[in-house]
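J.: Show me how the following folds:
(chains A and B)
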Number of protein chains: 2
Amino acid sequence: MRRYAITTDCLLAAFAVALCLLFSGVMRSAHAQEALPSWNDTGARSRIMDFVTATVTEGSEGYVAPADRIAVFDNDGTLWSEQPVYNQLAFVFDRVKALAPQHPEWKSKEPYKSAIAGDIKGVAQNGQKGLTDLLAATHSGMTTDQFSKIVSDWFASAKHPKTGRPYDEMTYLPMRELLDYLRANGFKTFIVSGGGVEFMRPMTEKMYGIPPEQVVGSTITTEFAIVGDVPVLKRLPKLDFVDDGKGKPTGINRFIGRKPIFVAGNSDGDYEMLRWVTAAKGPGFAMVVHHTDADREVAYDRKSAIGKLDKALNEAERRNWLIVDMKADWKKVFAFEQ
Amino acid sequence: MRRYAITTDCLLAAFAVALCLLFSGVMRSAHAQEALPSWNDTGARSRIMDFVTATVTEGSEGYVAPADRIAVFDNDGTLWSEQPVYNQLAFVFDRVKALAPQHPEWKSKEPYKSAIAGDIKGVAQNGQKGLTDLLAATHSGMTTDQFSKIVSDWFASAKHPKTGRPYDEMTYLPMRELLDYLRANGFKTFIVSGGGVEFMRPMTEKMYGIPPEQVVGSTITTEFAIVGDVPVLKRLPKLDFVDDGKGKPTGINRFIGRKPIFVAGNSDGDYEMLRWVTAAKGPGFAMVVHHTDADREVAYDRKSAIGKLDKALNEAERRNWLIVDMKADWKKVFAFEQ
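T.: Numbering: from 1, shown residues only, chains lettered A, B, ... in the order given. Okay, the predicted model is just below:
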């Protein structure tokens, strides 16, 4: 009887131990074998894995304490598609169309007229002023709660113009695996994007496993007011902060407050952020997604109006930045591919 | 032999299980008995614990998913002392004195002359302009890295004018226990302070267990530049964002991007933040630290120049905000008390 009891306890204990090990990360080394499954077995994959392995290996030269394992990712063209137009610009066009019945004057007034017609070139002819007017018309004049709902509703129905897929499927599978892999190794992952922060936050948890408080982006001015007895934040037609180019290191410093050790971008808008991360003392890894795959996605770089990539291509070798070749390095681009 | 082997395995397994349990939080209920040890067994302590217990109890009306357990804390007067002057103002005075030899003209020029003499009233006579000048002289003109070192060095040597203690000992022990208690229950804790974010960040991890990226505060404008081949962020003499009063809900929205369910403040500068958190749908808990203890700290509220507390005292009952009476509710104020 006694022996039986011990055996039962022992089985239970062993089962509990197995569960504990499973969830505590002791089985991580086994998992590492399967890390980044949508990456081909090329130099890119092994350079990333070598860096991460060093950061988690106590005693290694590249070891980094868990609290300092901060990774930052650009969004447009790095985590999700940015062609043929930025997703947020597609949102702007759709919102102008949806709001048009309340603004009959827009039918004959630029830039609204072009936006309603879906004429990107027509909108572009109105320059920065035209874009600012469209942003004001579609991104301000409501509370933050209302805007969040507008964004969520749009994502629930809008489709990518080329693939016909919902935008939350237009994320790069290898990059999502990279986010998971970094987090499994104790990294805290952030988005640092030129996109509007409140356009991204309703979706980033679902799409990337990144919570709202780890999304840095461009911001609009908001104003607190108590309406009746209800406190609200109103979105004003005034840009507050542009998180692009030189704004990215500024945004990282303002919102995160320490230097990341891992950065991923894809365009000249990420150049300063790449410089900032890799100039820090100690380990620092920079990678650039190079859009080389016209069959599975799009091929563009130095001469593109969207996602222009020039400076990093010139300097990558000198600065030891990894250029990821989508066509060669990725088995799959999107999860929905056959 | 067989039996012996099983027994050894079993002991090892049991040891592993105990370790797993210890670190996985299953022993949390035992720990809860000891939660908030520096709080007296008054209504304040039990109201806090009842709220937290509800948020972690699945199936209860007050249950909140772990990702939404966001708690925000004011700093000055809520987590650390703000009397006789804000700690950051003490830093300003010390910095002006340290920099004075490089600025001989300051000897006869206000507000520097008063600051060098440690004459707070004299500085105050120069109004907002005087304060802005002092902030510019002490908080800008260097890189972010340089400023971080200046702040860390100051904290390593400066002493509180009343107690003679280093500033990192001037934190309220019951509040640090509250931070620990919330985190042990899955809360993510943030500071939302009117203080300069780069004045707080070098110290918050050590003082409160709050990492830099979870500190929201007032910000100065920074500018990215590449000097030689080295990227730097320069601090400019221009205020960017004041995270006080109406700025607090704005800052929460901008930096955190969702509504906290727990808020702690101590002054009218926290009023809008208290309103914002407790107006949200679903559970929301607000508490106000009321400085009632002239023996162990200071007693002040409605008429104080620093940390004026008026609105929340008027509205606490109506809005179901907890007023914490330092004298009655706290066994100890500071850890160094006998």
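
J.: So chain A: which segments form each domain?
T.: Segmentation of chain A into domains, based on automatic domain parsing, reads A:1-28, A:34-83+A:164-329, A:87-157.

J.: for the ones you listed, which one ends up most surrounded?
T.: Neighbour counts (mean count of other C-beta atoms under 10 Å in any protein chain shown) averaged over each of the domains of chain A peak at domain A:34-83+A:164-329, with a mean of 19. C-betas here are computed from N, CA, C, even on glycine.

J.: do it and chain B meet?
T.: Yes - using C-beta under 8 Å from any C-beta of the partner chain, domain A:34-83+A:164-329 comes into contact with chain B via A:67, A:70, A:188, A:190, A:197-198, A:201, A:205, A:211-215, A:219, A:222-224, A:226, A:230-231, A:233, A:240, A:246-247, A:249-250, A:253-258, A:272, A:275-276, A:279.

J.: What residues does the residue nearest the centre of chain A make contact with?
T.: For chain A, the residue sitting closest to the mean C-alpha position, by C-alpha atoms, centre = their mean, is residue A:75 at 3.1 Å. Counting by C-beta atoms under 8 Å, 6 or more residues apart in numbering or on different chains, residue A:75 touches A:191, A:193, A:195, A:200, A:217.

J.: which phi and psi does the closest residue to it other than its chain neighbours have?
T.: In space, residue A:75 comes closest to residue A:193 once its chain neighbours are excluded; the distance is 3.7 Å by C-beta to C-beta, 6 or more residues apart in numbering or on different chains. When read as degrees, to the nearest 10, the backbone of residue A:193 gives phi -130, psi 150.

J.: what sits against residue A:193?
T.: Taking C-beta under 8 Å, 6+ apart as the test, what residue A:193 contacts is A:74-76, A:200, A:215-218, A:243.

J.: Can you list the residue ranges for helices in the stretch 201-338 of chain A?
T.: Taking DSSP state H, counting those that start in this stretch as the test, the helices found in the stretch 201-338 of chain A are A:247-251, A:271-279, A:311-319, A:326-329.

J.: okay, these in CSV with distance to residue A:128 and mean pLDDT next?
T.: Shown next, in CSV, are these (distance: least, C-beta to C-beta, whole Å; pLDDT from 0 to 100):
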stretch, distance to residue A:128, mean pLDDT
helix A:247-251, 16, 98
helix A:271-279, 20, 97
helix A:311-319, 22, 97
helix A:326-329, 31, 98
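
J.: and the residue nearest to residue A:181 when sequence neighbours are not counted, what element?
T.: Closest residue to residue A:181 apart from its sequence neighbours, by C-beta to C-beta, 6+ apart: residue A:35 at 4.8 Å. Assigning secondary structure by DSSP states H and E places residue A:35 outside every helix and strand.

J.: Test my guess that residue A:35 contacts residue A:49.
T.: Yes - between residue A:35 and residue A:49 there is a contact under C-beta atoms under 8 Å: 6.7 Å.

J.: Could you pull up the contacting residues of residue A:84?
T.: A:161-162, A:298, A:306 are the contacts of residue A:84 under C-beta under 8 Å, 6+ apart.

J.: Out of the residues you listed, flag the one nearest to chain B.
T.: residue A:306 (22.8 Å; C-beta to the nearest C-beta).

J.: and the closest one, what does it touch?
T.: A:77, A:82-86, A:300.

J.: Any chance of TSV for those, columns pLDDT and secondary structure?
T.: Supplementary listing: these in TSV, determined by pLDDT from 0 to 100; DSSP: H, G, I helix; E, B strand; the rest coil:
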residue	pLDDT	secondary structure
A:77	98	coil
A:82	97	coil
A:83	95	coil
A:84	93	coil
A:85	90	coil
A:86	93	coil
A:300	97	strand
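
J.: next helix or strand past the helix or strand residue A:129 falls within?
T.: Per DSSP H and E, residue A:129 falls inside helix A:127-139. Scanning forward in sequence from helix A:127-139 by DSSP H and E, the next helix or strand is helix A:144-157.

J.: one step back: I'd like the distance between the residue nearest to residue A:181 and chain B.
T.: Relative to chain B, residue A:35 is positioned 24 Å away (C-beta to the nearest C-beta, to the nearest Å).

J.: could you redo the helices of the stretch 201-338 of chain A as TSV and give each row distance to residue B:133?
T.: Formatted as TSV, these follow (distance: least, C-beta to C-beta, whole Å):
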stretch	distance to residue B:133
helix A:247-251	24
helix A:271-279	31
helix A:311-319	39
helix A:326-329	53
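
J.: if we can go back for a sec, pLDDT score assigned to the residue nearest to residue A:181?
T.: At residue A:35, the pLDDT value in this model is 94.

J.: before we move on, back to that, looking at the helices of the stretch 201-338 of chain A, which is nearest to residue B:331?
T.: Nearest of these to residue B:331, taken as C-beta to C-beta: helix A:247-251 at 42.9 Å.

J.: neighbouring contacts of the closest one?
T.: Counting by C-beta under 8 Å, 6+ apart, A:192, A:194, A:216-218, A:241, A:243, A:269-270, A:272-273, A:275-276, B:222-224, B:231, B:233 sit against helix A:247-251.

J.: next one: stretch A:118-129
T.: By C-beta under 8 Å, 6+ apart, the residues outside stretch A:118-129 that reach it are A:85, A:89, A:93, A:110-111, A:113-115, A:130-131, A:133-134.

J.: Roughly how far does the residue nearest to residue A:170 when sequence neighbours are not counted sit from residue A:163?
T.: In this structure, residue A:170 finds its nearest non-sequential neighbour in residue A:81, 4.5 Å apart by C-beta to C-beta, 6+ apart. Counting by C-beta to C-beta, to the nearest Å, the separation of residue A:81 from residue A:163 is 8 Å.

J.: Now for those two: what residues contact both?
T.: By C-beta under 8 Å, 6+ apart, the residues touching both residue A:81 and residue A:163 are residue A:170.

J.: hang on, the earlier thing: tell me, which of the domains of chain A is the model least confident about?
T.: Taking the mean pLDDT of the domains of chain A, domain A:1-28 comes last: a mean of 45.

J.: Let me see the contact set for residue A:256.
T.: A:70, A:72, A:190, A:216, B:212-213.

J.: Could you pull out the strands in the stretch 1-150 of chain A for me?
T.: Taking DSSP state E, counting those that start in this stretch as the criterion, the stretch 1-150 of chain A carries its strands at A:70-73.

J.: hey, where'd the helices end up in it?
T.: A:2-24, A:28-32, A:43-56, A:87-99, A:112-116, A:120-124, A:127-139, A:144-157.

J.: Which members of the contacts of residue A:75 are the farthest-apart pair?
T.: A:191 and A:195 (8.4 Å).

J.: Can you pull the residues that touch both of those two?
T.: In contact with both residue A:191 and residue A:195: A:75, A:217, using C-beta under 8 Å, 6+ apart.

J.: Send me the one helix or strand residue A:199 maps to as CSV with only the CA atoms.
T.: For residue A:199, the host element (DSSP H and E) is helix A:197-208. This file holds the C-alpha atoms of helix A:197-208, laid out as CSV (Å, rounded to 0.1, in the frame of the first residue of the first chain):
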residue,chain,number,x,y,z
VAL,A,197,0.2,54.8,-33.5
GLU,A,198,-3.6,54.6,-33.1
PHE,A,199,-4.0,53.1,-36.5
MET,A,200,-1.7,50.2,-35.5
ARG,A,201,-2.6,49.6,-31.8
PRO,A,202,-6.0,48.0,-32.3
MET,A,203,-4.4,45.2,-34.5
THR,A,204,-0.8,44.6,-33.3
GLU,A,205,-1.6,42.2,-30.5
LYS,A,206,-3.6,39.9,-32.9
MET,A,207,-1.2,40.3,-35.8
TYR,A,208,2.2,40.2,-34.1
